[in-house]
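Q: Quick one, what's the 3D model for this:
(2 chains)
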Protein chains: 2
Amino acid sequence: MPARIIDGRALADDICRRIRHDAEALAARGRRPCLAGVLVGDDPGSHMYAASQAGQAERVGITHRLIHLPETTTAEGLGAALATLNADSTVSGVLLYQPLPPSLSPPQQRGAVGSPFSALIAPEKDVEGLHPMNLGRLAQGQPALAPCTAAAAMACLRSTGVDLAGCEAVVIGRSPIVGRPLAMLLLVEHATVTLCHTRTRDLAAHSRRADVLMAAAGKPGVIGREHVREDAIVIDVGTHRVSVDDGRGGRRTRTIGDVRYDEVAEVAGWITPVPGGVGPVTVAMLLSNVVAAASQTGSSSPHR
Amino acid sequence: MPARIIDGRALADDICRRIRHDAEALAARGRRPCLAGVLVGDDPGSHMYAASQAGQAERVGITHRLIHLPETTTAEGLGAALATLNADSTVSGVLLYQPLPPSLSPPQQRGAVGSPFSALIAPEKDVEGLHPMNLGRLAQGQPALAPCTAAAAMACLRSTGVDLAGCEAVVIGRSPIVGRPLAMLLLVEHATVTLCHTRTRDLAAHSRRADVLMAAAGKPGVIGREHVREDAIVIDVGTHRVSVDDGRGGRRTRTIGDVRYDEVAEVAGWITPVPGGVGPVTVAMLLSNVVAAASQTGSSSPHR
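A: Predicted structure coming up:
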């Protein structure tokens, strides 16, 4: 029997309905959630992405404020802009659009997540969940703003309704923004968690044990039928634009995941498609983080 | 062939020699490392522990400053004392002795690590490695002050000289101060890591796969021969005082670990004894964190 499909678009719609409800409830108390996006320079892709994000935010009742800084902005200038947003009580969440101009892009540090400037965003406004404070809280099982992609993968998984306590979860990929936070989120659900990566000796031996297989290897089509146990839940976190044969002697571009969908769908119990799986839910999780951040504004405890 | 023994006391002595060397080098540059211990009230155990720690610190060239606050100290008073130490550039590391008086011990929060007051210690002076910021940095693979017990278990493991890249590591126990940071530290060494816990279905099936078995279950003697693969490296993080038959019809107190040493030592390749394994190294790692914190003082980057 072919796998049941986890419909990421429908799930994102459900989540967005809940976000809209929560945003309006906050607005009624005079605290409409607001996402501030900081865009440095004139990268056309970033401008398109920001415009799309503004539209998505406004549709769920979240104000989007674009802070557009010139290409010539210095590190001090960017730091000051972020500090102003951190201190602004009308701003719930702050997002720094990538890429930054070359002058603000230092050589990548080992283990660095996003830009080093991301760490200048206050943890309680870090709606992308990139700040080490949020990952640390997550790892301690405390409330935190989780990285959006990891949170989206978990939302897809939970939508199956399958009880995760004691299940075998295998995460392929150990990136600080997907694999590692996913492992922590799976632990909270009481799964036994194995983290595999490029140095793992026998990947298939691990992945075939999995009741839940999280593919976050970042490599197109590396997970095939031979990696998957019958009836497993397969969540594909990868999104890759690849050039394929168009069947008429030419090439066309197609979006695929880490998983070879057609063959894995024949054995898995549940599967997320690419596109239309984890992707749309990731956008919803960013907006969900904005509402969560807005809900926390004004509350205080030794942990925040 | 019986297992080779990882001698924690000898390893701790080695580490302390290195710490002493580094501490004197810092002192020569006018920055002698200083550990400030904050002790609230009159718990006799805490006073004994503080005195012992002062002696150990001074032996390796680290100044120990005891800040003794009265039993009647308020939350604000304790917060202010910690803020003063955070701001004091002559203090490298801050340690809050447990237990705190009942008036300062709120009901334990889910996932809380140590006291909520621990989170008021500046992350760069958090020499116990309890602050979420340090766990987050660890999880992102960035430099961090690691929790002492997890760091000690890793030091014991590394002392074997075995190459960890691609090896199968199984961690039993998912506590925020041992199991989870251990998983992150093992990932940095490129091990494939499985985290098992009380909800794991078939513990022995996992642990018998392990080239490296980290026993941090917090339960005396739960790991036996049936859990261990031949030639595995077994690191026992547990320390339990138990009452045993003294062989003459009476009872005596004995310190044991999570591992049934005698039977596991017959199959393992390497093993840490209890006492004399991870325990003494843990004390050394605290002092090592003080020197690391002192080395960082005055340095600055977007990450610190």
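Q: count of neighbours near residue A:53?
A: Counted with other Cβ atoms under 10 Å in any protein chain shown, residues neighbouring residue A:53 total 20. Bear in mind the C-beta positions are built from the backbone N, C-alpha and C, glycine included.
Q: How far does the helix or strand hosting it sit from its chain's centre?
A: If you go by DSSP states H and E, residue A:53 is part of helix A:44-59. Using Cα atoms, centre = their mean, to the nearest Å, the mean C-alpha position of helix A:44-59 is found 16 Å from that of the whole chain.
Q: Which elements pack onto the next helix or strand after it?
A: Downstream of helix A:44-59, the next assigned helix or strand under DSSP H and E is strand A:63-69. Helices and strands touching strand A:63-69, as assessed by 3 or more Cβ pairs under 8 Å, 6 or more residues apart in numbering or on different chains; DSSP states H and E, comprise strand A:34-40, helix A:44-59, helix A:75-87.
Q: Out of the ones you listed, which is the most enclosed?
A: Comparing these by mean neighbour count (mean count of other Cβ atoms under 10 Å in any protein chain shown), strand A:34-40 comes out on top with a mean of 23.
Q: on that earlier part again, what does the helix holding residue A:53 rub up against?
A: A:16, A:20, A:35, A:37, A:39, A:63-64, A:66, A:95, A:97-99, A:283, A:286-287, A:290 (Cβ atoms under 8 Å, 6 or more residues apart in numbering or on different chains).
Q: Please pick the buried ones from those.
A: Buried subset of the contacts of helix A:44-59 (neighbour count, 16 or more other Cβ atoms under 10 Å in any protein chain shown): A:16, A:20, A:35, A:37, A:39, A:63-64, A:95, A:97-98, A:283, A:286-287, A:290.
Q: which one among the residues you listed gets closest to chain B?
A: The shortest approach to chain B among the buried ones among the contacts of helix A:44-59 belongs to residue A:98, at 15.4 Å (Cβ to the nearest Cβ).
Q: tell me the SS of that closest one?
A: Secondary structure state of residue A:98, per DSSP: H, G, I helix; E, B strand; the rest coil, is coil.
Q: same deal with residue A:243?
A: Assignment for residue A:243 (three-state DSSP): strand.
Q: need the residues of the stretch 151-300 of chain A near chain B, please.
A: Within reach of chain B by Cβ under 8 Å from any Cβ of the partner chain, the stretch 151-300 of chain A has these residues: A:165-166, A:168, A:174, A:176, A:180-181, A:183-184, A:187, A:190-197, A:199-201, A:206.
Q: Can you tell me which of those end up in strands?
A: A:168, A:192, A:193, A:194, A:195, A:196 (DSSP state E).
Q: which ones are touching the first one?
A: The reference is to residue A:168. Counting by Cβ under 8 Å, 6+ apart, residue A:168 has contacts A:191, A:192, A:194, A:209, A:210, A:211, A:212, B:201.
Q: Per-residue pLDDT of the closest residue in space to the first one that isn't next to it in sequence, please?
A: With Cβ to Cβ, 6 or more residues apart in numbering or on different chains as the criterion, residue A:191 has its nearest non-adjacent residue at 4.0 Å, and that residue is residue A:169. Listed pLDDT for residue A:169 reads 98.
Q: what residues are up against residue A:169?
A: A:186, A:191, A:192, A:193, A:194, A:210, A:211, A:212, A:213, A:214.
Q: roughly how far apart are it and residue A:197?
A: 15 Å (Cβ to Cβ, to the nearest Å).
Q: Pick out the most distant pair among the buried ones among the contacts of helix A:44-59.
A: A:20 and A:98 (27.2 Å; Cβ to Cβ).
Q: And the helices in the stretch 101-250 of chain A?
A: A:132-139, A:148-158, A:179-188, A:203-207 (DSSP state H, counting those that start in this stretch).
Q: Which strands or helices does the third one pack on?
A: In terms of contact count using 3+ Cβ pairs under 8 Å, 6+ apart, helix A:179-188 is assigned the packing partners helix A:132-139, helix A:148-158, strand A:168-172, strand A:192-196, strand A:212-215, helix B:132-139, helix B:179-188.
Q: re the thing from before, dump the helix holding residue A:53 to CSV, keeping only the CA atoms.
A: Output of helix A:44-59 as CSV, limited to C-alpha atoms (Å, rounded to 0.1, in the frame of the first residue of the first chain):
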residue,chain,number,x,y,z
PRO,A,44,16.8,41.5,-5.9
GLY,A,45,16.1,38.0,-4.4
SER,A,46,16.0,39.4,-0.9
HIS,A,47,13.7,42.2,-2.0
MET,A,48,11.3,39.6,-3.6
TYR,A,49,11.5,37.4,-0.6
ALA,A,50,10.8,40.3,1.8
ALA,A,51,7.8,41.4,-0.3
SER,A,52,6.4,37.9,-0.3
GLN,A,53,7.0,37.6,3.5
ALA,A,54,5.2,41.0,4.0
GLY,A,55,2.2,39.7,2.1
GLN,A,56,2.1,36.4,4.1
ALA,A,57,2.5,38.2,7.4
GLU,A,58,-0.3,40.7,6.7
ARG,A,59,-2.7,37.9,5.6
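Q: Next, the angle from it to strand A:34-40.
A: 170 degrees (axes from the mean of the first three to the mean of the last three Cα atoms, to 10 degrees).
Q: is it true that residue A:16 touches residue A:60?
A: Yes - under the criterion of Cβ atoms under 8 Å, residue A:16 makes contact with residue A:60 at 5.1 Å.
Q: between the two, what contacts are shared?
A: With Cβ under 8 Å, 6+ apart as the test, residue A:16 and residue A:60 both reach residue A:287.
Q: And chain A, what are its domain boundaries?
A: A:13-125, A:148-282 (automatic domain parsing).
Q: so how far is chain B from residue A:153?
A: Separation of residue A:153 from chain B (Cβ to the nearest Cβ, to the nearest Å): 17 Å.
Q: Same question for residue A:275.
A: Relative to chain B, and taking Cβ to the nearest Cβ, residue A:275 is found at 28 Å.
Q: which SS state does that residue fall under?
A: On the basis of three-state DSSP, residue A:275 is classed as coil.
Q: Tell me how far it lies from residue A:252.
A: Taking Cβ to Cβ, one finds residue A:275 at 15 Å from residue A:252.
Q: Quick check on the two: which one has the bigger neighbour count.
A: residue A:275 (15 against 11).
Q: show me what contacts that one?
A: Residue A:275 neighbours (Cβ under 8 Å, 6+ apart): A:239, A:255.
Q: quick one: low-confidence parts of the stretch 201-304 of chain A?
A: A:298-304 (pLDDT under 70).
Q: Ok, which of the helices of the stretch 101-250 of chain A comes nearest residue A:256?
A: helix A:148-158 (16.6 Å).
Q: In the closest one, which of the residues would be classed as buried?
A: Buried, per 16+ other Cβ under 10 Å, within helix A:148-158: A:148, A:149, A:150, A:151, A:152, A:153, A:154, A:155, A:156, A:157.
Q: Please tabulate those in a markdown table and include pLDDT as additional columns.
A: As requested, the buried residues of helix A:148-158 are arranged in a markdown table below (pLDDT from 0 to 100):
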| residue | pLDDT |
| --- | --- |
| A:148 | 97 |
| A:149 | 97 |
| A:150 | 98 |
| A:151 | 98 |
| A:152 | 98 |
| A:153 | 98 |
| A:154 | 98 |
| A:155 | 98 |
| A:156 | 98 |
| A:157 | 98 |
